[in-house]
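Colleague: structure, please.
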Amino acid sequence: MKKVALITGASTGIGKEMAYIHAETGGDLIIVARSKDKLEKLKKDIESKYSIEVLVIAKDLSKPEAPKQIFDEVSKAGISIDFLINNAGFGGLGKFHERDWEMDNQMINLNITALTSLTRLFLPEFVARNSGKILNVSSTASFMPGPLQAVYFATKAYVTSFSNAIAEELHDTNITVTNLMPGATETEFGRVSGMDKTEMFNQTAGARTVAEDGYNGMIKGKLDVISGLTFMQKVMMAFIPFTPKKMVLKQIRQMQEVK
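Modeller: Residues are numbered from 1 along each chain as shown. Next comes the predicted model:
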């Protein structure tokens, strides 16, 4: 297979756009998500447009056993991946003590545990051959705590910290780890999390734009890539370190309250 990219959360949004972007370069794909029907439809469309191969793996990455099952399936197929794109993730709106704990636990499993497990499973092979690129999709939410999305913001803070740390551990190799931090993006995330009804999602970036920024940043080996912010959002982000934390927390809470 040619320059294989494994992409999680590939059935919709940023992950789906990254699959098309990689296919456009002539690279083969392993696409992972829960919905087999959506993945098969994507595979059919991509293979009809580009001279590449697409392997579908339908797994629910919120299940603890899923990362190892994916790794075993890829290994059994005799495939070595060149790019690991950990994109799968979801959020949820509401006060922590009122939210369904099972949903938040699944969020932690998907956003943190699955991403970390897949990285740990595939990284030794990257190191052995001294090549490979990892792209972890975090969020600008990783810069701050998130009242009304306490668990989601915290999971993304983990992703950013983890990605940056292992990038430095690999400084003397040809392997790079890129951390993509999108702002509000026009994907199913907003609808599923309930964020589409809040001020924070008044202006959203296109999934294709964010995917291109992340993919290109990965190819260049960048450490961090921020994408999809409006001018005012960039100004707000710049002032966060200099603003009293209680004020920041209040502003974020207000922006995440359902209208």
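
Colleague: which stretches of the protein form helices?
Modeller: For the chain, the helices defined by DSSP state H cover 13-24, 36-49, 66-76, 101-108, 115-129, 150-169, 188-193, 207-220, 231-239, 245-255.

Colleague: hey, which of the ones you listed is tucked in deepest?
Modeller: Mean neighbour count (mean count of other Cβ atoms under 10 Å) peaks for helix 13-24 among the helices of the chain, with a mean of 23. The C-beta positions use only the backbone N, C-alpha and C, and glycine is treated the same way.

Colleague: that older thread, mind putting the helices of the chain in a markdown table, distance to Asp82 and mean pLDDT included?
Modeller: Below are those laid out as a markdown table (distance: least, Cβ to Cβ, whole Å; pLDDT from 0 to 100):
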| stretch | distance to Asp82 | mean pLDDT |
| --- | --- | --- |
| helix 13-24 | 10 | 97 |
| helix 36-49 | 17 | 97 |
| helix 66-76 | 12 | 98 |
| helix 101-108 | 29 | 97 |
| helix 115-129 | 9 | 98 |
| helix 150-169 | 17 | 97 |
| helix 188-193 | 27 | 55 |
| helix 207-220 | 11 | 96 |
| helix 231-239 | 32 | 72 |
| helix 245-255 | 38 | 84 |
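
Colleague: turn these into a markdown table, columns for distance to Phe90.
Modeller: Shown next, in a markdown table, are the helices of the chain (distance: least, Cβ to Cβ, whole Å):
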| stretch | distance to Phe90 |
| --- | --- |
| helix 13-24 | 11 |
| helix 36-49 | 15 |
| helix 66-76 | 15 |
| helix 101-108 | 6 |
| helix 115-129 | 12 |
| helix 150-169 | 8 |
| helix 188-193 | 6 |
| helix 207-220 | 15 |
| helix 231-239 | 22 |
| helix 245-255 | 19 |
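
Colleague: remind me, longest strand of the protein?
Modeller: Assignment by DSSP state E gives strand 175-182 as the longest strand of the chain.

Colleague: still on that earlier bit, out of the helices of the chain, nearest to Asn179?
Modeller: Of all the helices of the chain, helix 150-169 sits nearest to Asn179, with 3.9 Å by Cβ to Cβ.

Colleague: so what touches that closest one?
Modeller: By Cβ atoms under 8 Å, 6 or more residues apart in numbering, the residues outside helix 150-169 that reach it are 89-92, 96, 99, 104, 107-108, 111-112, 115-116, 119, 123, 134, 136-139, 141-146, 176-179, 181, 193, 223-224.

Colleague: again, but for stretch 57-68
Modeller: Here stretch 57-68 makes contact (Cβ under 8 Å, 6+ apart) with 8-9, 30-36, 39, 69-70, 73-74, 88, 106-107, 109-110, 113-114, 117-118, 121.

Colleague: quote the end-to-end distance of that stretch.
Modeller: Start-to-end span of stretch 57-68 (Cα to Cα, to the nearest Å) is 12 Å.

Colleague: quick check: buried residues in that stretch?
Modeller: 57, 59-62, 66-67 (16 or more other Cβ atoms under 10 Å).

Colleague: rewinding a little: of all the helices of the chain, which one is nearest Leu84?
Modeller: Checking the helices of the chain against Leu84 by Cβ to Cβ gives helix 115-129 as the closest, at 5.2 Å.

Colleague: chain center to that closest one, what's the gap?
Modeller: The chain centre lies 17 Å from the centre of helix 115-129; the measure is Cα atoms, centre = their mean, to the nearest Å.
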